[in-house]
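**Q** give me a model of this one.
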Amino acid sequence: MKLLKNQTAVNVLIPELSAVIQQRYRILQMIAAAGPIGRRSLIDTLHLSERTVRNEITVLNDQKLIETTQKGMSCTNKGYEVLEVLKETFQEVTGLSSKEKELAKVLGIQKVIIVPGDVNHDASIQQLLGKEASEYLSRIATQDATVAITGGSTVAALPNFLSPTKSLSTLTFVAARGSLGNEMSLQANTLVSQFAKQCGAHFHTLYLPENLSKTAFSSVTQEPMIKEVLDLYDHIDIVIHGIGTAKDMAYRRDSSEAIIQLLNEKNAVGEAFGYYFDESGEIVYRINTIGIQLEQVKQSPHIIAVAGGTLKAKAIQAYFKSEPAKQTVLITDEGAANAILEK
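**A** Numbering: from 1, shown residues only. So this is what the prediction gives:
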């Protein structure tokens, strides 16, 4: 096992073993994240030949690491255990472990966790991001902690991998922002209820338009029910958030043409918590958002940022150039990590 922890030794002395480990681990990992899944989906997702996938599935079946039903292949408890045992080895063999350390240093944050693949080329990678983020949440969650949740498709992948535990069932999930556009399934208010349901926990919603005029913002924030939720933001223990590209977030907010033009002129590339950043990390625009503010985010002991894909590399880098909170853990994919490190 010590040999497997040395990437150079594996690649030089036993190169075929390194290739086998990576391939078999990726297949089992994908079945664990997306199962029940069919053989054709594995072939298309991992870009492997039908013969290779068929042979590997036979091995995994014989070892009782997966089971096959009419719905497709699923990971067994033994399979999950093997994935956990080999996780560190896989990260070392593929070079992801060294990339995690390098990227954390470049971004100036506590830790980076990289999953293989690129969500822009393979949508199922989003499930791996959600799985890693949910596992990290489970590790750091303490009893009666308060967790702020933003919206977004990547954050929406987390609840799939949560279940009631001694600590998770005592959490209180809070919507970190108000309503955003028309995508109800990806909004913070919808997601906090899903997080709470999966964990058997409590939650607070914030059913208000996220973007308000200054007059409306000042008035609404004094309402007792709203103020109760807003006051929670000063005492958040964990923040889970995504990072968006400026253009996508502007359109999701149904922003006016004047705002979109302003963002273009200011060369905005990234967005988080209603703040838009240019490539140097400068805040070039912010909305009068009903939700957690950047200053409150930075006060939280634990911050989990979840974002992946080559197309989000600039947005991720821009956000972390703007005086990042050192206690942040970024869950990302190989596509985004490579794009940032190469730049």
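
**Q** past the longest helix anywhere in the chain, which element shows up next along the chain?
**A** For the chain, the helix reaching the highest residue count under DSSP state H is reported as helix 15-34. Following helix 15-34 in sequence order, the next helix or strand is helix 39-46 (DSSP states H and E).

**Q** so for that next one, what gets flagged as buried?
**A** 41-43, 45-46 (16 or more other Cβ atoms under 10 Å). In this view, the C-beta of every residue, glycine as well, is placed from N, C-alpha and C.

**Q** what average pLDDT does stretch 142-153 get?
**A** Mean per-residue pLDDT for stretch 142-153: 94.

**Q** list of residues touching that stretch?
**A** Contacts with stretch 142-153, where a contact means Cβ atoms under 8 Å, 6 or more residues apart in numbering, come from 126, 137, 141, 155, 166-167, 170-177, 180, 183, 186-188, 190-192, 195, 232-233, 235-242, 244, 272-273, 291-292, 297, 300.

**Q** take those residues and keep only those in strands.
**A** Among the contacts of stretch 142-153, DSSP state E puts 172-175, 238-242, 244, 272 in strands.

**Q** which one of these sits closest to residue 342?
**A** Set against residue 342, the nearest of these by Cβ to Cβ is residue 244 (21.8 Å).

**Q** what is that closest one paired to in the beta sheet?
**A** Residue 244 forms beta bridges with residue 271, as assigned by DSSP bridges.

**Q** next, count neighbours for residue 275.
**A** For residue 275, the count of nearby residues is 18 (other Cβ atoms under 10 Å).

**Q** may I have the phi/psi pair for it?
**A** When read as degrees, to the nearest 10, the backbone of residue 275 gives phi -100, psi 140.

**Q** check the gap between the closest residue to it other than its chain neighbours and residue 48 for me.
**A** Spatial nearest neighbour of residue 275, excluding adjacent residues (Cβ to Cβ, 6 or more residues apart in numbering): residue 286 at 4.8 Å. Residue 286 sits at a distance of 46 Å from residue 48 (criterion: Cβ to Cβ, to the nearest Å).

**Q** now do the same for the residue nearest to residue 21 when sequence neighbours are not counted: its pLDDT.
**A** Sequence neighbours aside, residue 93 is the residue nearest to residue 21 in space, at 5.7 Å (criterion: Cβ to Cβ, 6+ apart). Note on residue 93: pLDDT of 80.
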